[in-house]
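>>> Next one to model:
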Amino acid sequence: MKKFLLSGLLCVVVVFANAQNEKQVADSNNMFAFEFYKHVDAGKNNVFYSPFSITTAMAMAQTGARNETYRQISHVMHFNSLPKKFMGGIENLVNAVEKDTLTDTANHVVISLANSIWLADSLKVKPTYAELMTNIYHAKSTKVSFADTNTRNVINNWVGVKTNGKIKNLIPQAILNPSTRMVLVNAIYFNARWETPFSKQYTLQKSFYISKHDSVTADMMHITNNYLYYEDKDLQAVQMPYKGNSLSMIVLLPKGIKAALNKMESLLDEKYYNRILDSMSTKKVKLSLPKFKTTDEFQLKDVLSKIGMPIPFTPNADFSSLTDESLCIDKVIHKAFIDVVESGTEAAAATAVVVRTSMVVSPKSLVMFNANHPFVFVIRDNATGCILFMGKIMNPLN
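The predicted structure is shown next:
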């Protein structure tokens, strides 16, 4: 039987909920976040992605899978550590996001998300799957012709609108064709001000050391403030809250450049990350951080296959909970954008799955935190701990 293409495009879902299932979904997302990071071969390039965008994309695909296809997606995405009522956790997360005030004008926080499904005119989707996409992901379905080259523009324009124009041309040319049967799209846009903004008058051009003997001149922001802080022999970590304290950025700074960064990255996993968070205490920090803006894009098929998910990309894939047609994943495309300045952070992300067919200040002295060399960072939802975005800055000018 001929294999058709099922395409899925997704961005990020933001989590603001406290129920146990929701916390378990967030924990699984975070495990995947660090596992994926270890498989990103970036060299000297910056890295930025949304693990929860990818998690949501694959959850939507897994909903239509059966047998070994279902098991492999569950294993790689760490869904297998969740109770059988996993979908309830996802549903609660999505519902919580939509019920909460997504645009907090008082705190200058904007979070918007949207899901959509683009179906080939002749594709017959099983009612149960369609209901789950509507009820769990609140995804609007639209019938299209994938033989029409303008369909790519229509979907890309939808993503652009939902990400405030920050994610452009998510689907490259020659990805969609008459064999494409379905595209699942999830988009997120995030814009938040720091709880304590940097003052522009203290932004100075300083050296940022890419390596021991190689540096660039970057706009370094400076502030002295009380932050949650952690330090051990390998790294320093600081947590910088956004307005309202529901979201924060955590910067992980190795104590050195190349060798120190490599060591920190080798140690960095969900357990170490959680230990860092649990061990943080409030200190007065003299913080220096570069302004940076970066866009990153990934083709995830090889990475996901390598870490234990090969079958969904082959003709042996089983997506029979979605349709009676024979489908397999062709590509998973992820694209993300971030801009960090004195006032705050703007970020957006998109993932495309293309399937064929209480704070007490320490009395200790001022802590110096000078991020003038490569560092890792995450943006998290504080209520659930869910990592929404993660990245590495090797060069703030790139």
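>>> looking only at pLDDT, what's the mean for stretch 198-210?
For stretch 198-210, mean pLDDT rounds to 96.
>>> Counting neighbours, what do you get for Ser141?
The local packing of Ser141 (other C-beta atoms under 10 Å) involves 13 other residues. For the C-beta atoms, the positions are set from N, CA and C on the backbone; glycine is no exception.
>>> ok, now Gly160?
Applying other C-beta under 10 Å, we find 19 residues neighbouring Gly160.
>>> That one touches Lys168, doesn't it?
Yes. Shown here, Gly160 and Lys168 form a contact pair, counting by C-beta atoms under 8 Å, at 5.7 Å.
>>> which strand in the protein runs the most residues?
Scanning the chain for the strand with the most residues, using DSSP state E, yields strand 214-231.
>>> Could you give me the buried positions within that one?
Within strand 214-231, the residues scored as buried using 16 or more other C-beta atoms under 10 Å are 218-223, 227-231.
>>> what about Asp324, how many neighbours?
Quick note: Asp324 (other C-beta under 10 Å) scores 10 neighbours.
>>> what pLDDT does the nearest residue to it once chain neighbours are set aside get?
In space, and not counting its chain neighbours, Asp324 is closest to Lys124: 7.0 Å by C-beta to C-beta, 6 or more residues apart in numbering. Lys124 carries a pLDDT value of 93.
>>> Please report phi then psi for Cys386.
The phi/psi pair for Cys386 (degrees, to the nearest 10) reads phi -70, psi 130.
>>> circling back to that earlier point, tell me which strands the next helix or strand after the longest strand of the chain pairs with, and in which orientation.
Using DSSP states H and E, the next helix or strand after strand 214-231 towards the C-terminus is strand 235-241. According to DSSP bridges, strand 235-241 has the following sheet partners: strand 214-231 (antiparallel), strand 247-254 (antiparallel).
>>> can you give me the mean pLDDT across the longest one?
If I follow you right, that is strand 214-231. Rounded mean pLDDT across strand 214-231 is 97.
>>> Stretch 316-329 too?
Per-residue scores along stretch 316-329 average to 92.
>>> again with stretch 23-30
For stretch 23-30, the per-residue pLDDT averages 87.
>>> in that stretch, what's buried?
Buried residues in stretch 23-30, counted by 16+ other C-beta under 10 Å: 23-30.
>>> Among the residues you listed, which are located in helices?
By the criterion of DSSP state H, membership of the buried residues of stretch 23-30 in helices covers 23-30.
>>> just how off-centre is the longest strand of the chain within its chain?
23 Å (C-alpha atoms, centre = their mean, to the nearest Å).
>>> ditto for stretch 24-39
With C-alpha atoms, centre = their mean, you get 10 Å for stretch 24-39.
>>> Distance-wise, check Asn45 relative to Glu342.
Computed as C-beta to C-beta, to the nearest Å, the Asn45 to Glu342 distance reads 25 Å.
>>> Who has more neighbours out of these two?
Neighbours per residue (other C-beta under 10 Å) separate Asn45 from Glu342, with Glu342 holding more: 19 against 13.
>>> ok, residues contacting stretch 312-323?
Contact with stretch 312-323 is made by 3, 6, 61, 63-70, 72-73, 123-126, 128-129, 181-182, 301, 304-305, 311, 326-330, 355, as judged by C-beta atoms under 8 Å, 6 or more residues apart in numbering.
>>> scratch that, stretch 48-55
Outside stretch 48-55, the residues that touch it by C-beta under 8 Å, 6+ apart are 10-15, 25, 28-30, 32-33, 36, 40, 77, 186, 188, 294-296, 298, 300, 332, 334, 336-338, 349-351, 386-392.
>>> Closest one of the ones in helices among the buried residues of stretch 23-30 to Val376?
Taking C-beta to C-beta as the measure, Val376 sits nearest to Asn30 out of those, at 13.8 Å.
>>> Please tell me I have it right and the closest one contacts Ile387.
Yes. With contact defined as C-beta under 8 Å, Asn30 counts as touching Ile387 (5.1 Å).
>>> How about the contacts made by Arg152?
With contact set as C-beta under 8 Å, 6+ apart, Arg152 has these partners: 171, 173, 175-176.
>>> Surely it forms part of a strand?
No. Per DSSP: H, G, I helix; E, B strand; the rest coil, Arg152 lies outside any strand segment and is helix.
>>> how close does it get to Ala349?
Counting by C-beta to C-beta - Arg152 and Ala349 are separated by 19 Å.
>>> is it fair to say Ile210 lies in a strand?
Yes. Under three-state DSSP, Ile210 falls within a strand.
>>> Could you check how many residues crowd around it?
Ile210 has 19 nearby residues by other C-beta under 10 Å.
>>> quick one: the residue sitting nearest the centre point of the chain and Phe190, what's the gap?
Nearest to the geometric centre of the chain sits Ser50, at 1.1 Å (C-alpha atoms, centre = their mean). For Ser50, the distance to Phe190 equals 9 Å [C-beta to C-beta].
>>> One more: His75?
The spacing between His75 and Phe190, counted by C-beta to C-beta, is 29 Å.
>>> In terms of neighbours, single out the busier of those two.
Phe190 (28 against 14).
>>> which SS class is the more buried one?
Under three-state DSSP, Phe190 comes out as strand.
>>> What's the local residue count around the residue nearest to Asp324?
The tally of other residues near Lys124 (other C-beta under 10 Å) stands at 11.
>>> Let's see the pLDDT reported for Leu261.
Taking Leu261 on its own, its pLDDT is 94.
>>> Tell me how far it lies from Lys212.
Distance of Leu261 to Lys212, given as C-beta to C-beta: 11 Å.
>>> And for Ile73?
Distance, Ile73 to Lys212, by C-beta to C-beta: 42 Å.
>>> which of those two has more neighbours?
Set side by side, Ile73 and Lys212 show more neighbours around Ile73, with 24 against 11, by other C-beta under 10 Å.
>>> and the more buried one, what does it touch?
Shown in contact with Ile73 (C-beta under 8 Å, 6+ apart): 58, 61-62, 65, 79, 309, 312.
>>> How about the secondary structure of it?
Ile73 carries the three-state label helix when classified by three-state DSSP.
>>> How about it, nearest residue that isn't a chain neighbour?
Gln62 (4.3 Å).
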